[in-house]
Every structure is written in structure tokens, then in C-alpha cells.
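Asker: Next comes the sequence, and after it the predicted model I'd like to discuss.
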Amino acid sequence: MTDARPRALDAPASRTGEREAFYRRIDASNLAPLWEVLHTLVKREPRSAAVPALWRYDDIRPFILESGGLITAREAERRVLVLENPGLRGKSQITSSLYAGLQLILPGEVAPAHRHAQSALRFIVEGSGAYTAVEGEKTIMRPGDFVITPSWAWHDHGNDSAEPMVWLDGLDIPIVAAFDAQFAELHSAERQPIGRPVGDALARYGAGLLPVGYEKRALTSPVFNYPYARTREALETMRRAEEWDPCHGLKLQYVNPVDGGFAMPTIGTFMQLLPRGFATQPYRCTDGTVFSVVEGRGTTVVTRADGGEETLEWGPRDVFVVPSWCWSHHRVADGDAVLFSFSDRPAQAKLGLWREMRGNASTAG
Ligand code: 1HN
């Protein structure tokens, strides 16, 4: 048997009648030839099935509010409209590894207590004053707050305010599913018992101090609400140093104060300030990233895997996604812009997979 063909990562071996007959015979034994599929399994570089996408809040807000008349939070367990990546419809995925949705809770409602293996984050988009209870402590949520529900932690939400509240949920559902490691449980009570005062965790672990003798107990940060007021103040103070990263502006990573690592084991979370008129240099990384616009307006140009360009024009409360290994750059319009974002970066980093690449206008694309 001779083979003059060059080795290729991008193309399958050629098919012959003899080979096809062989594939049919081994099929009954649950066997298949690797050389027919190798190029789809081991690729030169990431080519995400996820595509760049934007959900304009003004367009989808009416649907979110309409869902409030359709089903109660109690009946739904969680009343959420899932943000489905257009390249991954029907899979409840915003990237290949992450789930995202917009959750509505109306005044007086309770989303009953449960727990699951998946880790969740909430990023508050609209409304103020509803609470979430996590492992016996309540926190009151306000726009821009980043709130964590660790894996296997009891959690319920309630809205004792007078206005509807909407937040962006981010969960590691596809990651946990890839390991077939899902567990979930309903609490016997709708609202879990509360054993600590509001604000306890933030005071205890989030003031640059830790209780003497504190030992790390979990992989997730013990701070479960990172209030926007503090994050925004940090950005505002730091901007005075004028150390703008060409690709990120001024970008901060939420940390677990106990070990300095990411706040969650599978999901990385970030907040960045891009000043008025700033235009970033092209950048790409292997963690497909979900952005939630907190303040300001701008555009993000994303180069798709097929080489085409997508221009996402965003404003406050919009959600957009940049898939893995797609070049992107941001341009801010008139005012300052503040962007929250999350991705699977900690999971990739722990597995030694994460990569990034900085470009400039002439080398990108
Ligand atoms: C969940 O528990 C929540 O607790 C939100 O608010 C969204 C999506 C899938 C599975 C569990 C919540 C969820 C979820």
C-alpha cells in the first residue's frame, strides 16, 4: 500500500470501496476508523460552534416581563429565558461550556430552595432590593452586583421589593454535564432557614481581613455578593494611574480573598472600564466570553471562525458573547463604558489549556 498524500490535519483519508466495506463490517462490533474523523477531533486550533451574538435588552425585556404573566416563579422553579447561542440552538448553551439566562422575579415571589452540583453566578441587570439566600445567609441584590451560588449550596430567591427584578444567570451546566456529575435536590422548605445576619460574609471575608485561624474550606469564595458600588469605586480610583491595557482598558478579576484565585472554581468573572473614546487592540483567548454591559455604549467587532466580521453594537443591560479563539476589539462611544464578563477560564487554566493572543490591527484576522 503506497501513500503519496501529504499528512493533513484538516482533511479525512480518502474513501475506497474496500475501506467502506471494512467500515460496515466493524460497525456491528461498535468500532469505527479514527482516520475518518481525526480531523474533526484534533484540530489545528479552536473553531467554536458558538457564534458571536448580541441580545439587546430593550428588544427582549418585553418577553421577560411577559413571562411573568405566563408562569409563577414557584411553578417554574426558576423563571428564566435561556440565552441560546445561535450556533448552539436547543442545547441551553451560550458558549460551548456555559449556560446563561435572564431570570425574572416579581414583587412578592419566591423561587424555592434547592441545590445542585452546578455552580451559578447572578449578575444583577434591573431592579433593586430582592434577595438571594445562600447557605443560611441572605444578601440584598442591586444592579451591577456579582452574586455567587457555589456548587451544592442551598439557595432560594425572593423579592420583597416593589419592583420586578431581572438578573443574568451564568452556570457551568455543560461542564458538569461533560463529566456526567450532576446531582440536584429540592429543600423540604420553600425558604431555607437563615442563621446569619445580612452582610455577614462580606464583613467577615471581604474587607481585606479574615477571621484569625480561618482555614480554606471550599473551592468557591466565601464572599457571595461583590457589590457594584465597591467594584465601581475601585475602577474609578485606579483610572487615575492611567495604566490602560491596550487590549482590555482597565480590567479587574474577581478573586477569592482566601487564596487570591478566581472567585469560582469553574467560572472566571471580570469587570472592566473602557474610557470614553477608547479603542482596544485585537485580542483572542480560548475562553469564550459572555459580556453584560453595565454602563455606556460601544461596538465590539468579532472575527468569526469563517473569517467574516460581526459588529455588535451594545448599550446598557445588553448581553453579548465572543466565542473561543475569535479575534475581537472594542470601541467605546461617547461616555465611559463598564463591562462585566464571565468565562470558563479557571477550568481551562487548571487543566493547562488556556491560551491567549494579543494582536494589532495589522496582524489580527
Ligand atoms: C438555577 O438553580 C437557577 O437558582 C437559575 O436561580 C438558573 C438554570 C439551570 C439549572 C439551575 C437559580 C438555572 C438553575
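Answerer: Perfect, thanks for sending it. Numbers count the residues shown, from 1 in each chain.
Asker: okay, and the helix or strand of this structure with the least pLDDT?
Answerer: helix 38-41 (a mean of 92; mean pLDDT, DSSP states H and E).
Asker: Just after the lengthiest helix in the chain, pick out the following helix or strand.
Answerer: The longest helix of the chain (DSSP state H) is helix 57-70. Tracing the chain past helix 57-70, the next element assigned as helix or strand by DSSP states H and E is helix 73-76.
Asker: So which elements touch the helix or strand just after that following helix?
Answerer: Downstream of helix 73-76, the next assigned helix or strand under DSSP H and E is strand 80-82. In terms of contacts (3 or more CB pairs under 8 Å, 6 or more residues apart in numbering; DSSP states H and E), strand 80-82 is packed against helix 57-70, strand 99-105. Just so you know, the C-beta spots here come from the backbone N, C-alpha and C atoms, and that holds for glycine as well.
Asker: In strand 80-82, which residues are buried?
Answerer: Residues of strand 80-82 classed as buried by neighbour count (16 or more other CB atoms under 10 Å): 80-81.
Asker: in its sheet, what does it sit against?
Answerer: strand 99-105 (antiparallel) (DSSP bridges).
Asker: tell me the angle of the strand it pairs with relative to helix 57-70?
Answerer: For strand 99-105 against helix 57-70, the angle by axes from the mean of the first three to the mean of the last three CA atoms, to 10 degrees is 60 degrees.
Asker: could you measure residue 245 against residue 303, distance?
Answerer: 20 Å (CB to CB, to the nearest Å).
Asker: okay, these two: which has more neighbours?
Answerer: residue 303 (21 against 13; other CB atoms under 10 Å).
Asker: Not counting its neighbours along the chain, what's nearest the more buried one?
Answerer: Spatial nearest neighbour of residue 303, chain neighbours left out: residue 327 (4.2 Å); criterion: CB to CB, 6 or more residues apart in numbering.
Asker: Can you pull the phi/psi pair for the one you found?
Answerer: Dihedral pair for residue 327: phi -60, psi 140, per degrees, to the nearest 10.
Asker: and the gap between it and the ligand?
Answerer: 31 Å (CB to the nearest ligand atom, to the nearest Å).
Asker: Could you number the chain from 744 rather than 1 from now on?
Answerer: New numbering, starting at 744: the last item is residue 1070.
Asker: Am I right that that residue is in contact with residue 1048?
Answerer: No - when contacts are counted by CB atoms under 8 Å, residue 1070 is not listed as touching residue 1048 (10.3 Å).
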